[in-house]
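S.K.: Starting from these lines, generate the structure:
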Amino acid sequence: MQPSVNNYAMNLVNFIIQSAEQLRVRMQITHNGAKVIDMGIEVPGGFEAGMAMANVCLGGLGNVEITTKDYGEHFLPAIRVLTDYPAIATLGSQFAGWRIKTDDYFAMGSGPARALSLMPKELYDDIEYQDAWDKAVLCLEASAMPTKSAIEKISEKTKIDPNEIYILIAPTQSITGSVQISARVVETGIHKAHMIGLDPKKVVSAIGIAPIAPLHPSQLKMMGRTNDAILYGGEVYLYVDWKDDDDKLKELTEKIPSSSSDMYGKPFVEIFKDAGKDFYNIDPNIFAPAKITINNINTGKTFHAGKINIETLVKSFNL
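M.R.: Coordinates of the predicted model:
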């Protein structure tokens, strides 16, 4: 029997609600009964709130820890992420694959509620997972609280009454937001591996680390910095149950890092501007960690590709 990401996440959400003052977050109940937890819009949030939100995003099937790391001569906060349920925790929950869009609201949705809505359906088919629970937990990256129409849409897609919907929300330009985005480093690696042909169900365990981007008041610049934290500073290690030719696994490994893209090398905000500020004009190969290591647990061979790009991180972070 597969684990329920919404069930496990609710244990974490209950802790967040009980520890709201300590975490510097605030819950409010909307007119239609949904519980919305502000993690950084009108409250400070912080490192602890960011870790809590990241753990919820993983559906309770991973673990995140704030640490520090030297990038050249620069000392930066970083986040370490691990999971023994890689496909479900990352692609089945954490992946920001749900566009919550109504006439008066827009946000990218991630977290356990996606496994109830099956957004996007083909991804859940690939990992052979679907959740069934009586509560829905959703994480939003946005600067405004969800509207009534947005909550109604979430309720419609998840088939969960608004009274049983719990939403965590943080803007990109907050400490909470920056932390939870860097915590997507493993998800980014597994998503890229899946995109180039590696079955995510073959990944048995995963760990990764990425710097946490320094804050900037501009939403555009923070979007760039948080992407760069992973694209130029993220490192991922995968344990893979691979029974095919090791040469093929080596070939796939070399295609995973962000450096496999022709757009690699510039800070992401410049890439975004060059693409006319249209994500659909950006090479999807760029969305990957800087470094990848894959260990084939069947042969003992380990393959590496990519590198940390300190020069671009320094430029992006204005260090």
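
S.K.: Now for Met223: which residues touch it?
M.R.: By CB atoms under 8 Å, 6 or more residues apart in numbering, the residues touching Met223 are Thr172, Phe268, Val269, Phe272. The way it works is simple: take the backbone N, C-alpha and C, and place the C-beta from them, glycine included.

S.K.: confidence score at it?
M.R.: The model reports Met223 with a pLDDT of 97.

S.K.: Check which residues of the helix or strand it falls within are buried.
M.R.: Per DSSP states H and E, Met223 falls inside helix 219-231. Applying a neighbour-count criterion of 16 or more other CB atoms under 10 Å, one finds Lys221, Met222, Met223, Gly224, Arg225, Thr226, Asn227, Asp228, Ala229, Ile230, Leu231 buried in helix 219-231.

S.K.: Check stretch 41-57 too.
M.R.: Buried residues in stretch 41-57, counted by 16+ other CB under 10 Å: 41, 43, 45-57.

S.K.: got it, and stretch 185-195?
M.R.: Neighbour-count burial for stretch 185-195 flags Val185, Val186, Glu187, Thr188, Gly189, Ile190, His191, Lys192, Ala193, His194 (criterion: 16+ other CB under 10 Å).

S.K.: mind checking how far it is from the chain centre?
M.R.: How far stretch 185-195 lies from its chain's middle: 10 Å, per CA atoms, centre = their mean, to the nearest Å.

S.K.: Please save the CA atoms from it in PDB.
M.R.: What follows is stretch 185-195, C-alpha atoms only, in PDB (Å, rounded to 0.1, in the frame of the first residue of the first chain):
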ATOM      1  CA  VAL A 185      16.900  20.800  -5.700                       C
ATOM      2  CA  VAL A 186      16.200  17.000  -5.600                       C
ATOM      3  CA  GLU A 187      12.900  17.400  -7.300                       C
ATOM      4  CA  THR A 188      14.500  19.400 -10.100                       C
ATOM      5  CA  GLY A 189      17.100  16.700 -10.600                       C
ATOM      6  CA  ILE A 190      14.500  13.900 -10.700                       C
ATOM      7  CA  HIS A 191      12.200  15.800 -13.000                       C
ATOM      8  CA  LYS A 192      15.100  16.400 -15.500                       C
ATOM      9  CA  ALA A 193      16.100  12.800 -15.300                       C
ATOM     10  CA  HIS A 194      12.500  11.800 -16.000                       C
ATOM     11  CA  MET A 195      12.300  14.300 -18.900                       C
END
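
S.K.: phi, psi of Asn285?
M.R.: phi -70, psi -20 (degrees, to the nearest 10).

S.K.: so it makes contact with Ser260?
M.R.: Yes: if you go by CB atoms under 8 Å, Asn285 and Ser260 touch, sitting 5.2 Å apart.
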